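> next input, structure requested:
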Amino acid sequence: MAEKKKDEQEGGKKGLGKLPLIIAAVVLLAAGVGAAAYFLGAKGAPGAASAETARATSAAGDALGPMVDVEPFIVNILDNDGTRYLKAALTLEAETPAGRQEIIERMPQLRDAILLVASNKTFDELRDLQGKLQLRAELLGRVNEIMKRDRIRRIYFTEFVVQ
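Presented below is the predicted three-dimensional model:
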């Protein structure tokens, strides 16, 4: 009985002897987790992530996409003073190579839409810069309605003569 009490007291002392070691291990572990969270959190902060995303998006926006030329066309345009013509050629910029392929596949539809929009303009609308920019915006909206899998990023006039 006396030996049992002595063992319990020694066991209790042994248990208390490990307690500071366990506390120190827990404190070190918590400090490590805190330091890791701080450094990883600084790199993964929402502001840092959005800035990197904005830079990547801007770089992607500045890069040229795949281009497809539309054959030159001549259309009659509306005018009260006589017969007027528009001769133009376009280049369509796709967002992705898959978009370029879709433009090629849908060229008859796109060309039809371009001819209809352009022939619905008047000479007065097309003779100044504002009118040409308006035509480009209308064409971009119309051709993107036709595109189903991808989008056309920009339209470039490579020829533009109004007579």
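
> for the one helix or strand residue 133 maps to, buried residues please.
Taking DSSP states H and E as the criterion, residue 133 maps to helix 129-146. Of the residues in helix 129-146, 131, 132, 135, 136, 138, 139, 140, 143 count as buried by neighbour count, 16 or more other C-beta atoms under 10 Å. (Glycine included, C-beta is placed from N, CA and C.)

> check contacts around the closest residue to residue 113 other than its chain neighbours.
Spatially, and ignoring its direct neighbours in sequence, residue 113 is nearest to residue 142 (4.8 Å; C-beta to C-beta, 6 or more residues apart in numbering). Going by C-beta atoms under 8 Å, 6 or more residues apart in numbering, residue 142 touches 113, 114, 117.

> show me what the helix or strand where residue 156 lies is packed against.
Residue 156 belongs to strand 152-162 when assigned by DSSP H and E. Judged by 3 or more C-beta pairs under 8 Å, 6 or more residues apart in numbering; DSSP states H and E, the packing partners of strand 152-162 are strand 67-77, strand 84-94, helix 129-146.

> try it again at 7 Å.
On a contact count with 3 or more C-beta pairs under 7 Å, 6 or more residues apart in numbering; DSSP states H and E, strand 152-162 meets strand 84-94, helix 129-146.

> closest to residue 159 out of the ones you listed?
Nearest of the helices and strands packed on strand 152-162 to residue 159, taken as C-beta to C-beta: strand 84-94 at 3.9 Å.

> give the buried residues for the helix or strand following that closest one.
Remark: after strand 84-94, the chain's next helix or strand is helix 97-105, criterion DSSP H and E. Across helix 97-105, burial judged by 16+ other C-beta under 10 Å covers 99, 100, 102, 103.

> just to revisit the earlier point, okay if I get the contacts of residue 142 as JSON lines plus distance to residue 90, secondary structure and pLDDT?
Shown next, in JSON lines, are the contacts of residue 142 (distance: C-beta to C-beta, whole Å; DSSP: H, G, I helix; E, B strand; the rest coil; pLDDT from 0 to 100):
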{"residue": "113", "distance to residue 90": "11", "secondary structure": "helix", "pLDDT": "95"}
{"residue": "114", "distance to residue 90": "7", "secondary structure": "helix", "pLDDT": "95"}
{"residue": "117", "distance to residue 90": "11", "secondary structure": "helix", "pLDDT": "94"}
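
> counting neighbours, which of those residues comes out on top?
residue 114 (22 neighbours; other C-beta atoms under 10 Å).
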